[in-house]
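Peer 1: The amino acid sequence is not available; the structure is as follows:
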DNA sequence: TTCTTTATGCAACTTCGTTGCATTCTATCA
DNA sequence: TGATAGAATGCAACGAAGTTGCATAAAGAA
């Protein structure tokens, strides 16, 4: 995500365009997510955010990330450790967001996108899978 | 898993061969897992097991499933809901266990194996990923 | 400025899973 | 057969990740 630097555009108006109100915490989180393109967990974002301006409220951070995800600013990836990571959409990285695998280091917990290795489209099985609860 | 019926072989000696001591709970869990080949969550196994002979201890059930996984009797699949499911190895189903996708119904929580749709092998990224903590 | 909507902070709660420890069971061997 | 060691169980407590409800604070619109 090196091409998307805060110098190059106004973070607040970026959020505005996405329909998300810019607040101090949200701008801080946005900066953290943009700093490096790789997916970060809630805990990682919490800790970095705490360093840069005081620990945010845990719940507010969850809601901030949910708001970002709703507005398609970030997408969520479930790691093999069972926790979600949040990743900025990178218009300059082909296949991001998209159907690519991720690598999660078991030791340090760092996740990286393997956006150059596309995954095939999986066929949803036939059957009674519907919106109603009659599966 | 229709071909692997309890009539066809002794569950207790099957566990014995796998180096797992046969106990009432383990036999019950094994039967539940074999009944249908699809992966079941801890909760699903707990509930079915509770019906068939009284509710087992939650922790013991976790340990039972861990023992099965250690002995390669089952494998674990992390669903998009963040919870593990446990699935018998089916020697008669090609690609099970193996690198295939799974489908998880968001409504009813049922998971099914898509063992006919193989996934490509993913290249682990180059770098300092090692057993030591110097990632 | 006032009003309405949205964001925040706090407390409490849920789910999934783990750890520690004492007790019970079971396979084995004398 | 009975003693014994190793494994399985049951219970309590803990922990991480994430959610819900509600009161307060902040922001945008009129």
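Peer 2: Alright, I've got the coordinates. Please read these numbers as outputs of a predicted model, since none were measured by experiment.

Peer 1: use CA for all of it now, contacts and neighbours both
Peer 2: Will do.

Peer 1: Would you mind measuring from residue A:35 to residue B:81?
Peer 2: 28 Å (CA to CA, to the nearest Å).

Peer 1: Now find how far off-centre stretch A:15-33 is within its chain.
Peer 2: Averaging C-alpha positions (CA atoms, centre = their mean, to the nearest Å) puts stretch A:15-33 13 Å from its chain's average.

Peer 1: Would you mark the buried spots in it?
Peer 2: A:15, A:20, A:22, A:25-30, A:32-33 (16 or more other CA atoms under 10 Å in any protein chain shown).

Peer 1: how about the residues you listed in JSON lines, adding pLDDT?
Peer 2: As requested, the buried residues of stretch A:15-33 are arranged in JSON lines below (pLDDT from 0 to 100):
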{"residue": "A:15", "pLDDT": "93"}
{"residue": "A:20", "pLDDT": "93"}
{"residue": "A:22", "pLDDT": "93"}
{"residue": "A:25", "pLDDT": "95"}
{"residue": "A:26", "pLDDT": "96"}
{"residue": "A:27", "pLDDT": "95"}
{"residue": "A:28", "pLDDT": "95"}
{"residue": "A:29", "pLDDT": "96"}
{"residue": "A:30", "pLDDT": "95"}
{"residue": "A:32", "pLDDT": "95"}
{"residue": "A:33", "pLDDT": "94"}
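
Peer 1: For DNA strand D, tell me which of these show up nearby.
Peer 2: Among the buried residues of stretch A:15-33, proximity to DNA strand D is found for residue A:22 (CA under 7 Å from any atom of the strand).

Peer 1: For the buried residues of stretch A:15-33, work out which two are farthest apart.
Peer 2: A:20 and A:32 (16.8 Å; CA to CA).

Peer 1: Which element, helix or strand, includes residue A:31?
Peer 2: Secondary structure assigned from DSSP states H and E places residue A:31 in helix A:24-35.

Peer 1: sorry, back to before: redo the buried residues of stretch A:15-33 as CSV? Include distance to residue A:107.
Peer 2: Output for the buried residues of stretch A:15-33, formatted as CSV (distance: CA to CA, whole Å):
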residue, distance to residue A:107
A:15, 34
A:20, 35
A:22, 35
A:25, 29
A:26, 29
A:27, 30
A:28, 27
A:29, 25
A:30, 26
A:32, 22
A:33, 22
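
Peer 1: Who are the contact partners of the residue of chain A found nearest chain B?
Peer 2: Proximity of chain A to chain B (CA to the nearest CA) peaks at residue A:82, 5.1 Å away. If a contact means CA atoms under 8 Å, 6 or more residues apart in numbering or on different chains, then residue A:82 has B:78, B:82-83 as its contacts.

Peer 1: If we use 6 Å, what do you get?
Peer 2: residue B:82 (CA atoms under 6 Å, 6 or more residues apart in numbering or on different chains).
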